[in-house]
Structure formats: structure tokens, C-alpha cells
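> Need coordinates for the following:
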Amino acid sequence: MGSIEKLTLYSLILLLIWGNMVSGLGHGLACPDWPLCFGQFFPEINFPIFMEHGHRVLGLIVSVFFFFLAKDRLRKYVGKQKILPFFAGFLLLIQIVLGGLVVIFQLETNLTTFHFSNAIAIFLLIYTMCKYPSSDSLKAAKFFTLKSSKYIFFFVIIYIQLILGAYVRHSNAGLACPDFPTCLGFWLPPYLSKTVFLHLMHRVWGFVILFYAVFLLLYTYKSKIYDQFKRVRNLLLLILVQIALGIYVVVSKLAFSMTAIHLFVALMIIMIALDAIFAISFVNIPVPEPSSRILSSLFILSLRICK
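Just a heads-up that it's a prediction; the model follows:
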């Protein structure tokens, strides 16, 4: 990837993690107005304002990087391929409006969940644009085939889990079940409130993803699709790490550093799941793997930020 690709993708990942920390620390309304903060672009700074206003400023920086990335892709892509940067730009505009509405409506749960879900969609579109910089690299794509359906389904259930996790968080259901593996001391609590139900659904869906990953691993091995086998193996390992992190998030009573790392691993999982679709959908075009150096450096960065 070139400089603008790295700047856009890395800053966007940082923005997602930063937003997660703002929410975890309860600083989402440190600036009660929008788009300014207490009517100023440079308000008097304390830590809560630094976190919330810093998130907005970083969002502005990401938007600038995206502008140059989209400009380059519009020049290189042809025909329907141009839809990709246009659609990403459209979602980015929606994201800016949603950010304002989230503040205006005092962190309303549905809005904050939609805000996060849209951010993930933008992240995936930008990731695709960074991986495939030229027209030729997109020409051979054949999505929605029988071969790709298993991986598309896998990607969809992972995306659903991300949305469900965001809804759990913004519904204050993260500690509705404060113990593990039971919930309130029961395998199935006798009374299921909304928050308990949401929390349990998030747990159960995680294991649905785990079992499907095992199925895909066996399928790719039996079918001798060894490149995909390696991807699914890596996914399975990350899913196990993610489940362990999820348990620790509960045990640590939602320590904001752990929730940020939990999100980062989720981003890695959905990136590799998208790569698995690309590997099946692109004919005779190599699918670049996420650089291990890139992922490890981002992981170390996230640990330092979360201290």
C-alpha cells in the first residue's frame, strides 16, 4: 500500500478505537453541542473534552485523507468500479451527520449503534479500495457465486456480531450478566430482561461464529483449498482470542482498555473474513494478505493508546 492508503486506513482504525474509548470512559457528551465544542473549535481542554473533541478532530483528518484516496481511485477505476469510492464518500457524509445526531439526541442507543455499524461499512469499503488500487485488480471479480456463498455467510454473521456488540454496549447491557460462563448464576436465567437477553445473544452468537469457523476449516481442508484453509485457520485462532477477550471484558467490569482491544481484534477478524470472499471472487488475481507487520504494529499501537 502507498502512503495515502496507509494514512487513511491506519487513521480510520485509530478513529474507531478512539471512539470506543470515548464511549467506554463515558465522555460522549463532554462536548454537549455540535459541530463545535462549547461553541468553539479550540475549547478549553480537560481530559473528557480532549477525548471527545479529539475524536471529532481525528474524524476530520480521516475525511481529508479519504478525499485524496477517493480522488485517486476515481481517476484509476473505470465504469461501475467508480461506485466504490462514491458510495464510501456517501456513507462518510452520513457518518458525519450521524455523529451530530448522536450528540443532539444524547447518545440514543439506536443512533449510536447505527453510527458504529456505518463506521464499519466505511472501514470495509476503504480497506477494499486500499487493497485494490487499480482498475485491472477489480475487473475479474465474480461475487455471489456458489463457491463464495459460504464465505459471504461467514462475513455476514461476523458483521451481525459487531452490530450486536455495539447495541449491547450502548444499551448498557455489557454487565447484564456479570459472571461467566453462567449468567447471574444460571445457565439460563429464569427472568430474561431486555439487557440480559441482549447480553446472552451476543455470547451465543459468538459461539455460532466459532462453530461455523470450525465447519469452514474442515471444509477447506477436505476440499484441498489450502490458501483458504490458512485464512480460516487464522480466523479461528483470532475468534478464540476474541472469545477470551470477551470473557475478560466481563470479568474486568468493562475495563475500557480491554474493550478497545476487543474491538481491534474484531476489526482484524472481519478484515480476514472479507479477504476470504475476495480470494474466491477474484479470478486469477492474487489477493494480498493483510501484512502481519501492519497488524502487529497496529496492535502494539492500540495497547499503548489504551494504557
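
> What about residue 213, how many residues nearby?
23 (other C-beta atoms under 10 Å). Quick note: C-beta positions are derived from backbone N, CA and C, even for glycine.

> State the phi and psi torsions of it.
Dihedral pair for residue 213: phi -60, psi -40, per degrees, to the nearest 10.

> which ones are touching it?
By C-beta atoms under 8 Å, 6 or more residues apart in numbering, the contact set of residue 213 is 154, 232, 235-236, 239.

> quick check, nearest of these to residue 32?
residue 239 (39.0 Å; C-beta to C-beta).

> is it true that the closest one touches residue 210?
Yes - using C-beta atoms under 8 Å, residue 239 is in contact with residue 210, at 5.4 Å.

> Which of those two has more residues huddled nearby?
Neighbours around residue 239 and residue 210, counted as other C-beta under 10 Å, are more numerous at residue 239. The numbers are 23 against 15.

> which residues sit in contact with the more buried one?
206, 209-210, 213, 269.

> May I see the buried residues of the host helix or strand of residue 169?
Residue 169 is part of helix 146-170 when elements are defined by DSSP states H and E. Within helix 146-170, the residues that count as buried by 16 or more other C-beta atoms under 10 Å are 148, 150-152, 154-155, 158-159, 161-162, 164-170.

> now do stretch 229-243
Buried residues in stretch 229-243, defined by neighbour count with 16+ other C-beta under 10 Å: 229, 231-232, 234-236, 238-239, 242.

> Among those residues, which one sits closest to residue 81?
Ranked by distance to residue 81 (C-beta to C-beta), the buried residues of stretch 229-243 are led by residue 231 at 24.4 Å.

> What helix or strand is that closest one located in?
Going by DSSP H and E, residue 231 is part of helix 226-251.

> Okay, angle between that helix and helix 146-170 too, please.
If you take axes from the mean of the first three to the mean of the last three C-alpha atoms, to 10 degrees, helix 226-251 sits at 10 degrees to helix 146-170.

> Just give me the neighbour total for the residue nearest to residue 36 when sequence neighbours are not counted.
In space, residue 36 comes closest to residue 43 once its chain neighbours are excluded; the distance is 7.8 Å by C-beta to C-beta, 6 or more residues apart in numbering. Residues near residue 43, counting by other C-beta under 10 Å, number 17.

> three-state assignment of residue 43?
Secondary structure, DSSP: H, G, I helix; E, B strand; the rest coil: residue 43 is coil.

> Assess the claim that it and residue 53 are in contact.
Yes - with contact defined as C-beta under 8 Å, residue 43 reaches residue 53; the gap is 6.3 Å.

> what is in contact with these two at once?
Contacts common to residue 43 and residue 53, judged by C-beta under 8 Å, 6+ apart, are 31, 37.

> re earlier: quick one: which of the contacts of residue 239 sit in strands?
Among the contacts of residue 239, DSSP state E puts none in strands.

> from those, which is closest to residue 21?
For the contacts of residue 239, the minimum distance to residue 21 (C-beta to C-beta) is 19.6 Å, reached by residue 269.

> What's the separation between the closest one and residue 196?
26 Å (C-beta to C-beta, to the nearest Å).

> So those two - more neighbours on which side?
More crowded of residue 269 and residue 196, by other C-beta under 10 Å: residue 269, with 23 against 17.

> Do you know the pLDDT at the more buried one?
You'll see residue 269 listed with a pLDDT of 95.
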